[in-house]
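Curious how this folds, go ahead:
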Amino acid sequence: MNKKKIYEQLKINPKNVRFEALCKAAELFGFRFRGGKGSHRIYVRDGVREMLNFQNVKGKAKPYQVKQLLNVVEKYKLLEEENV
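This next block holds a predicted model:
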């Protein structure tokens, strides 16, 4: 799936996003897994000041964390980049 389609799916329903889908979306937008403890995963990207911290709660991502990814994508115009 392309970035635009993933972005739109996350934006339409941020309350019902699987944790693994959010992690894959972050990687699609160029973030890399930096580590984490327990149910948390931290993603970073060169050129992006913010770190993304995702938490797995019964297989789902927290809605505010989905919105954080969407906000970073908008702020840094990551939708405009070429698909790699």
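
Low-confidence stretches in the protein?
83-84 (pLDDT under 70).

Distance from the lengthiest helix in it to the middle of the chain?
Longest helix in the chain by number of residues (criterion: DSSP state H): helix 63-75. On the basis of Cα atoms, centre = their mean, to the nearest Å, the separation between the geometric centre of helix 63-75 and that of its chain is 7 Å.

Which other helices and strands does it contact?
Judged by 3 or more Cβ pairs under 8 Å, 6 or more residues apart in numbering; DSSP states H and E, helix 63-75 is in contact with helix 3-12, helix 19-28, strand 52-57. Where you see a C-beta, it was placed from the backbone N, CA and C, and this is true even at glycine.

can you tell me how far Arg18 sits from Val72?
To Val72, Arg18 is 19 Å away according to Cβ to Cβ, to the nearest Å.

ok, those two, which is more surrounded?
Counted by other Cβ atoms under 10 Å, Arg18 and Val72 do not tie: Val72 has more neighbours, with 20 against 12.

Just confirm the more buried one contacts Leu79, I think it does.
No: Val72 lies out of contact with Leu79 (Cβ atoms under 8 Å); the separation is 11.2 Å.

How much space separates Arg49 from Met1?
Distance of Arg49 to Met1, computed by Cβ to Cβ: 27 Å.

Next: His40.
From His40 to Met1 the distance is 25 Å (Cβ to Cβ).
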